[in-house]
Structures are given as C-alpha cells and as structure tokens.
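*Asks:* What shape does this take:
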Amino acid sequence: MRMFKQIRRVKHCRHDSRECNESIAIDLHTLSMNIARNLFLALGIWGVVFSMSCTASSPGAANGSTSAKGNQPPTITSAKILNEPIQLTGPVGVQVNAQDPERETVSFLYQWYVDNTALAGQTHATLPAEMLRRGQSVFVEIIPTDGVNKGHPYRAKSVEVGNTSPKVVAVLLTPQAARSGDKIEAAVEASDPDHDRVDLTYKWYRNETVVKEGEESFLDTTGFVAHDKIMVDVTAHAPAVTGNSLKSEPLVLGNSAPRIVSIPPISDSQDHFDYTVKAMDPDGDRVIYYLEAAPTGMSINETSGQILWRIPSDQEGIFHVKVAAKDGHGGMATQEFDLTLTSTSPPKPSRT
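*Replies:* Now for the predicted structure:
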C-alpha cells in the first residue's frame, strides 16, 4: 500500500515547479528502495516456506535424525570339519568363521549328514564318533544367526571316515602279591573302533631291563628275588594298522619264604640223634634255624641247622620235634616229625 501511495504522490506533483521536480526525484529513489526491500522480503518469506516444505518431506523429519539401516543377517565365511580323514577316537568337530554387519554375537544351527542322509537329533556342534563307521562320508550344514535374522546355510566340505587304530585301554599285572617263582599274567583291556580283530604283543621288564618279548601274556619269575620290579609294555595291532602301547604300573615282588628241602633220617642209634636241616630261600636271604618243639636236651645250630640230641638210656616213648627256618623278612618254613624211642636198660628183676 505504501508503494501505491508513493506513485500517486508522484502523479500529483507532475504539474508543480522545479521544487516539485526535486520532490519527484526523491520520491522515485524512495520508491525504488521500497520496491527492492519489499521484493527481498517477499523472497525471504518464500525461502522459509520452501525450506520448511523440504524439511517436512525428508525421511526422519519427525525426530530430526536420519533413519537407521535395517538389521542385516550374519554370513559364514568358512567352515571345516576337523581331522581329515575322521578318526573315531572322539567326537567329530567343525571350525566355523562368520561375520555380522552390525558386529553382533553370532551363534550357529547345525545339521549333520552321513552319506547324504540327515541324522535325526544331531544338531549340535559335535557328532558322536559312535554313530560312524569306516568309509562313510560326513558333512555338516550350518546356519548363522544373530538372534534376530538367520543367514544363508553353509555346507562344509564332506570328509571320509578313515581307519582308526586299535587302542590298549588298561593293563593290570596279577597276582598283585606275587613272589619269586610265581607266574605273573597281564590282564589287558583293548578295543578297535572299527571292530577289527585286535592282536597284542608284550614286552616284559625286570628292573627296567627287557627279559622277554612276544605274544605270551605271562612271565615266569623263577630265579627272581624279592623287591624285583616287574612291568609289561603292551602294544595293540589291527590287520592294517598298529595302535598305541601302554605300560603297566610296576609290580614289586614280595618276600618269598624259605623252603626246607631235607628229610629227617631214620636212625637205628638209640643213644643219639643227628640231623642237619637244609632250607633254600628263593630270594637268597640268609636263613636262621630254630627249634619250636623238642625233647629236653635237644639243640640246633641256628646257622648250619644241625640238630643234636644225646639220648638218655632210659628215654622211651614218642617225642615231637618242630623246626623252623626263618629269612629275617617275615618268611618262614617249618618241618615237624616224631621220634619213637624204646628203653635200652636191662629189665629189672621181678620180685618173687
């Protein structure tokens, strides 16, 4: 409206003097300034309206931020079944590498296959070896998940089940209370995951020295002594492969008792008894001799074992003798016998 008033004022002064011409010039300058100012004002208002329109039409205008991208599923970059060929010595495992665009924790869903057939219930990270047999083909299909989305399934390369070696599981020597001269046997527990025949070989040790090798599961300890340490190393063999070896715990031979080998004499002498007891100790221990039961006057040499008895002329009857041979380590042997004596004195005259 101000702009139009300025125009009318110019028209009114058109018929005046020089002063009027000056006024016209001033009004024209003012008019041009007002036009420019009003034009810039109008353009500014439209700029604001245009800016608001653009802002309202852009995504995320309601909260003043750009919209976030949607959750992306994880992907598996590689997966490999451990141990090729597979050995039936333990569960079959798989190594998996995966990545998630949002760097979230990735877990996996598994399905195991044998000879291209899915195994019911086998949806864990490992597959029990008991379910497999030599020559079968095994693979696993894996699906990654971040808890929100699942990625594409990934199939690991198939791996064949190979020939698994037999295994010696346990070895025990019997009898545990063995002594020199006893026959020691090895009780062995062994198995083959492929159900092949298992053969065993034995290596016997006496005090860390090999004394016998072969397929015999026993050792004769004749000639061994107390405190000898016996061990056996057992190796398992299958038709196509040799398995492990396992050594037994050492068995220490116990003390062996001496053994009396002499026999009491039959003597016609009625005035003395002379008998030397002989005992042998398997361990080579020194033997000491004792009389545990004897008639009065009988004696024994504890070192040589010689028994002497000067028999009184009037002795008669049955006399029991018990002799013992001891090795000083708790081992003992005994021998018992009876002596029958009749009187050698002349008969007493009878009364009449």
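*Asks:* any idea which element the spatially most central residue of the chain lies in?
*Replies:* Centroid-nearest residue in the chain: Gly90, 10.1 Å away (criterion: CA atoms, centre = their mean). Element membership for Gly90, per DSSP states H and E: none, as it lies in no helix or strand.
*Asks:* Without its sequence neighbours, what residue ends up closest to Tyr289?
*Replies:* With sequence-adjacent residues excluded and distances taken as CB to CB, 6 or more residues apart in numbering, Tyr289 is closest to Gly305, at 4.2 Å. Every C-beta, even on glycine, is put in place using the N, C-alpha and C of the backbone.
*Asks:* show me what contacts the one you found?
*Replies:* Listed by CB atoms under 8 Å, 6 or more residues apart in numbering, the contact partners of Gly305 are 262, 276-279, 287, 289, 323, 325.
*Asks:* rerun at 6 Å
*Replies:* Counting by CB atoms under 6 Å, 6 or more residues apart in numbering, Gly305 touches 276-277, 289.
*Asks:* and which of these is nearest Ile143?
*Replies:* The shortest approach to Ile143 among the contacts of Gly305 belongs to Tyr289, at 86.9 Å (CB to CB).
*Asks:* From Asp274, how far off is that closest one?
*Replies:* Computed as CB to CB, to the nearest Å, the Tyr289 to Asp274 distance reads 14 Å.
*Asks:* For these two, indicate the residue with more neighbours.
*Replies:* Between Tyr289 and Asp274, Tyr289 has the larger neighbour count (other CB atoms under 10 Å), namely 22 against 12.
*Asks:* show me where pLDDT drops low in the stretch 51-200 of the chain?
*Replies:* Scanning the stretch 51-200 of the chain for pLDDT under 70 picks out 51-69.
*Asks:* contacting residues around the closest residue to Val168 other than its chain neighbours?
*Replies:* Leaving aside its sequence neighbours, Val168 sits nearest to Leu246 (CB to CB, 6+ apart; 4.1 Å). Neighbouring residues of Leu246 by CB under 6 Å, 6+ apart: 168, 171, 234.
*Asks:* Try it again at 10 Å.
*Replies:* 167-171, 188-190, 232-236 (CB atoms under 10 Å, 6 or more residues apart in numbering).
*Asks:* Quick check: mean pLDDT of the one helix or strand it maps to?
*Replies:* According to DSSP H and E, Leu246 maps onto strand 242-247. Mean pLDDT, strand 242-247: 97.
*Asks:* how distant is it from the center of its chain?
*Replies:* 17 Å (CA atoms, centre = their mean, to the nearest Å).
*Asks:* Just the ones of the contacts of Gly305 in helices?
*Replies:* Taking DSSP state H as the definition of helices, these contribute nothing to them.
*Asks:* Same list, those, but as a markdown table with pLDDT and distance to Ser180 please.
*Replies:* Shown next, in a markdown table, are those (pLDDT from 0 to 100; distance: CB to CB, whole Å):
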| residue | pLDDT | distance to Ser180 |
| --- | --- | --- |
| Thr276 | 97 | 25 |
| Val277 | 98 | 21 |
| Tyr289 | 98 | 21 |
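*Asks:* ok, these vs Thr123, which is closest?
*Replies:* Once CB to CB is applied, the member of those that ends up nearest Thr123 is Tyr289, at 79.0 Å.
*Asks:* For beta bridges, what are the partners of the closest one?
*Replies:* Per DSSP bridges, residues listed as beta-bridge partners of Tyr289: Ala325.
*Asks:* In this model Asn301 seems to touch it, though I could be wrong.
*Replies:* Yes. With contacts counted by CB atoms under 10 Å, Tyr289 reaches Asn301, the gap being 7.1 Å.
*Asks:* Report the set of residues contacting both of the two.
*Replies:* Common neighbours of Tyr289 and Asn301, using CB under 10 Å, 6+ apart, are 276-277, 307.
*Asks:* What subset of the residues you listed is buried?
*Replies:* 277, 307 (16 or more other CB atoms under 10 Å).
*Asks:* which one among the shared contacts of Tyr289 and Asn301 gets closest to Leu127?
*Replies:* Minimum distance to Leu127 across these is 72.6 Å, recorded for Val277 (CB to CB).
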